[in-house]
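Asker: got a sequence here, can you model it:
(one chain, ligands or ions: 1)
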Amino acid sequence: MARWDGLWRNLHLATMAGDGLGVVEDGAIATVGERIAWIGPAAALPAGDAARTYDLGGAWVTPGLIDCHTHLVFGGDRAAEFELRLTGVPYAEIARRGGGIRSTVAATRAASDAELLASGRRRLEALRAGGVTTVEIKSGYGLDVATECRMLRIARRLGEDPGIDVVTSFLGAHALPAEFAHDRAAYLDLVTGPMLEAVVAERLADAVDGFGEGIAFTPAEIEQVFSAALRHGLPVKLHADQLSDQGGAALAARFKGLSADHLEHASAAGVAAMAAAGTVAVLLPGAFYTLKETTAPPVGLFRRHGVAMALATDANPGSSPLVSPLLALNMGCTLFGLTPTEALRGMTVHAATALGLGGDRGILEPGKRADLAIWRIGRPAELCYWLGQGLLEGLVKNGRPWPEPKESG
Ligand SMILES: [Zn+2]
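Answerer: I've put the predicted structure just below:
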């Protein structure tokens, strides 16, 4: 007789195993410790004994969702700017008055640790209420050594919550801070030198990110950042080809990037390079929507080349104040033409790969981490279909229910 710590039954599964949703109707899951020990049709469940048994009453179970691209930790917000734009004040004027990313940098530098932690936690709770059990959080609103490290420390603190895992990315190359406006080279030297060294010394980052764009950093500058990251043994990823084709997709691929993100203007050659390198395309419909962009990412090219597509909220105060993973799923379908299957795989199995966690989570199968999202739905496509309906019934993180449900049996 098998001995399990947890047994979940009376449920349907979308495991994400194989190429599709991996649906198993009337399934069961048994766990030992943090891992899945057995999963499959309830009729095939071997004889066993579980310390705790949970009856899910016919709910659907997917892997816990993975939001692989967020800027969740920041000071202030940009609601006043949003309001100004809608009363006809042009963006250039808002920027002249100190708005835009510079206002978030100023607010983040001025915020206390307690304030950053509290506002970050509120946004994290919103993601969790939408089924997220793993989230990536970037720095990039400090743009000085002390504040970049502080942002990443706060992200790590958020990850001390046993109900969620936080993966961090160092994004010193997010924007040129005002004090370096006339000396780009000096800022790049700071990012790739003392700033990165401080981040590495405290093990604050799991990856290094950059913003490659006409309004941010050039391909040569991103190369400098990536080369420094690789010298420290950190993988890279890139905000690539969002507003124009900068060759970002190919650049990320050349450095064996975990992911290239946004990609609205990626070229066919760039997509082919990503396919060859195994770089995941992270699609961010929240920013596309907020900025009222009109060129969608080349989903057809990703399909043709077999590039894995992940989907994320890009939660940030400026271009994507989106803290609902389910709305991101819907937008991926309505704005980018993903099928519900592609969208759901994009926030599970492919999001895990985009974080370098593909062997560990994102699929429900024996040996994988027992991170589950439990949904009150009749079919998985509902997760992409409803706008604003709370569908989550509960989560399981590392084999432990969250919140603790009533036991049965
Ligand atoms: Zn971003």
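Asker: tell me the centre residue of the protein?
Answerer: Using C-alpha atoms, centre = their mean, the residue of the chain that lies closest to the mean C-alpha position is residue 68, 1.7 Å off.
Asker: and for residue 49, the neighbour number?
Answerer: Using other C-beta atoms under 10 Å, residue 49 has 10 neighbouring residues. No exception for glycine: its C-beta is placed from N, CA and C like everyone else's.
Asker: how close does it sit to residue 99?
Answerer: 61 Å (C-beta to C-beta, to the nearest Å).
Asker: cool, and residue 24?
Answerer: From residue 24 over to residue 99 (counting by C-beta to C-beta), the distance is 50 Å.
Asker: same check, this time on residue 229
Answerer: Applying C-beta to C-beta to residue 229 and residue 99 gives a distance of 31 Å.
Asker: more neighbours: which of those two?
Answerer: For residue 229 versus residue 99, the count of surrounding residues by other C-beta under 10 Å is larger for residue 229: 25 against 20.
Asker: would that one count as being in a helix?
Answerer: Yes. Looking at residue 229 with DSSP: H, G, I helix; E, B strand; the rest coil, it is inside a helix.
Asker: what does the model give it for pLDDT?
Answerer: pLDDT, residue 229: 98.
Asker: how much space between it and residue 206?
Answerer: 11 Å.
Asker: so what sits against both of the two?
Answerer: Shared contacts of residue 229 and residue 206 (C-beta atoms under 8 Å, 6 or more residues apart in numbering): residue 235.
Asker: check the gap between the nearest residue to residue 135 once chain neighbours are set aside and residue 105 for me.
Answerer: Nearest non-adjacent residue to residue 135, counting by C-beta to C-beta, 6 or more residues apart in numbering: residue 67, 4.7 Å away. Note on residue 67: its distance to residue 105, by C-beta to C-beta, is 23 Å.
Asker: which one of those two is surrounded by more residues?
Answerer: For residue 67 and residue 105, the more surrounded residue by other C-beta under 10 Å is residue 67, and the numbers stand at 31 against 23.
Asker: quick one, strands of the stretch 51-200 of the chain?
Answerer: 65-67, 132-138, 165-173 (DSSP state E, counting those that start in this stretch).
Asker: closest to residue 345 out of these?
Answerer: Closest to residue 345 of the strands of the stretch 51-200 of the chain, according to C-beta to C-beta: strand 65-67, at 10.9 Å.
Asker: residues making contact with the closest one?
Answerer: Contacts for strand 65-67 (C-beta under 8 Å, 6+ apart): 127, 130-136, 312-313, 315, 325, 328, 347-348, 351-352, 355, 357, 361-362, 373.
Asker: note down every partner strand of that strand and its orientation.
Answerer: The pairing partners recorded for strand 65-67 under DSSP bridges are strand 132-138 (parallel).
Asker: tell me what angle the partner strand forms with strand 165-173.
Answerer: 20 degrees (axes from the mean of the first three to the mean of the last three C-alpha atoms, to 10 degrees).
Asker: number the residues from 325 up from this point.
Answerer: With 325 as the first residue, the last one maps to strand 456-462.
Asker: just the CA trace of strand 456-462, in PDB.
Answerer: Below are the C-alpha coordinates for strand 456-462, written out as PDB (Å, rounded to 0.1, in the frame of the first residue of the first chain):
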ATOM      1  CA  VAL A 456      -0.600  32.400  -8.900                       C
ATOM      2  CA  THR A 457       1.800  30.300  -6.900                       C
ATOM      3  CA  THR A 458       5.100  31.500  -8.500                       C
ATOM      4  CA  VAL A 459       5.900  35.100  -9.500                       C
ATOM      5  CA  GLU A 460       8.900  36.800 -11.000                       C
ATOM      6  CA  ILE A 461       9.700  40.300  -9.700                       C
ATOM      7  CA  LYS A 462      12.100  42.700 -11.300                       C
END
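Asker: which residues touch that strand?
Answerer: 388-397, 444, 448, 451, 479, 482, 487-495, 498, 533, 636, 649, 675-676, 679, 681, 685, 695-697, 719, 721.
Asker: these in helices, which ones?
Answerer: 444, 448, 451, 479, 482, 649, 675-676 (DSSP state H).
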